[in-house]
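Engineer: Got a sequence here, can you build the structure:
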Amino acid sequence: MTDKPAKDRIYADPRAVIADFAFDEQVAEVFPDMINRSVPGYGTIISMLALMAARCVTPGSRCYDLGCSLGAASLAIARGVGRTPCRIVAVDNSTAMLDRARSIIASLDASPPIDLVCADAMDVAIEAASMVVLNFTLQFVPLELRRQLLQAIHRGMNSGGMLVLSEKIALPDADAQGIFTELHHGFKMAQGYSELEIGQKRAALEKVLLPETLEQHVQRLRAVGFGTVEVWFQCFNFVSILALK
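Structural biologist: Purely as a prediction, here's the structure:
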C-alpha cells in the first residue's frame, strides 16, 4: 500500500511571480489532498462512478478515463465492473501524474487491469467504449478544441454508452457567480487553506482552467449527438453531467 499522500502546501508561501498551474511532480505528490480540499463533493463523484460502471459497462467493451491524474476514476470503474471482462484505458499527458498512478494501481492489484497511456486526450482513438470519464479534464482543454474532443468520444462509443463529464462551471448571472465563488472560497478555508494559498492558486489557474456555463456544456453535448444529458451532481459551481449515446 502506498504512503499517506502529502499535504498540499504548494502555495503556502508568498511568491513574487506566479507561474501558470501545471500537473508537475510537485502537484502529483500532493494531488489527493489538493483535489479533495479544493473540489467539494469530489469523493462522492468518484464513488458514484463505480455504480455507473456497474450499470453501463458491457463485456468486451472499453472504458476511458481521459485526464486520469492518479487513477481515482479508473479504480472506481474497476470496482464497479467487477468480473465483467473489459479494458480500462487511463490517459494523461503528465508523466509525473502517471508515474504515481502506476505505483498506486500496482499496489491495489486492480482487476480488470488498467492500461496507463501517456498522451493528450485529443490524440486518443476512442473505440468500442461503453463508458468515458472526463473528470475535471475538459476545463483544461482549449475552448476551440472541446467540441472536437466530444465528437470523437461520441463517435467511438457504443450505443447506450455513458459519458460522465465533471466540470467547474461559470454562472451566467453575476450575482449567483459571486455567491458561489464566496461559498467555494469558504469551503477551501474550512479545509485549512489560507487566504494567501487560495489567492495564489487562483492566479496560477486563471489562464489554464477556463470554465464555461452549464448551458454551454449541455448544448454542446446534445449538438454532438448525445441523447440523454442530465446533471446528476452539483455542489456550488462544480457539476457532473451524465450523457448517454
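Engineer: Only C-alpha atoms from now on, for both contacts and neighbour counts.
Structural biologist: Will do.
Engineer: By mean pLDDT, flag the weakest helix or strand of this structure.
Structural biologist: helix 95-108 (a mean of 94; mean pLDDT, DSSP states H and E).
Engineer: Could you list the residues in contact with it?
Structural biologist: 1-2, 23-25, 28-29, 69-71, 75, 92, 114, 116, 118 (CA atoms under 8 Å, 6 or more residues apart in numbering).
Engineer: C-terminal to it, what's the next element?
Structural biologist: strand 114-118 (DSSP states H and E).
Engineer: mind listing what whichever helix or strand comes after that following strand pairs with, with the direction of each?
Structural biologist: Following strand 114-118 in sequence order, the next helix or strand is strand 129-135 (DSSP H and E). Counting by DSSP bridges, the strands paired with strand 129-135 are strand 62-66 (parallel), strand 157-170 (parallel).
Engineer: for stretch 116-126, how far is the first residue from the last?
Structural biologist: From its first residue to its last, stretch 116-126 covers 14 Å (CA to CA, to the nearest Å).
Engineer: ok, back up a step: could you check the angle the least confident helix or strand of the chain makes with strand 114-118?
Structural biologist: 170 degrees (axes from the mean of the first three to the mean of the last three CA atoms, to 10 degrees).
Engineer: Can I get helix 95-108 in CSV, CA atoms only?
Structural biologist: Taking C-alpha atoms only, helix 95-108 is exported to CSV below (Å, rounded to 0.1, in the frame of the first residue of the first chain):
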residue,chain,number,x,y,z
THR,A,95,4.4,11.8,-16.8
ALA,A,96,4.6,12.9,-13.2
MET,A,97,1.0,12.0,-12.6
LEU,A,98,1.2,8.7,-14.5
ASP,A,99,4.3,7.6,-12.6
ARG,A,100,2.4,8.0,-9.3
ALA,A,101,-0.8,6.5,-10.8
ARG,A,102,1.2,3.4,-11.8
SER,A,103,2.5,2.9,-8.3
ILE,A,104,-0.9,3.3,-6.7
ILE,A,105,-2.6,1.0,-9.2
ALA,A,106,0.1,-1.7,-8.8
SER,A,107,-0.3,-1.6,-5.0
LEU,A,108,-4.0,-2.2,-5.3
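Engineer: Low-confidence ranges, the chain, go.
Structural biologist: 1-5 (pLDDT under 70).
Engineer: now for it, which residue lies nearest the mean position of the chain?
Structural biologist: Using CA atoms, centre = their mean, the residue of the chain that lies closest to the mean C-alpha position is Asn135, 1.9 Å off.
Engineer: so that residue bridges to which residues?
Structural biologist: Assigned bridge partners for Asn135, using DSSP bridges, are Ser166.
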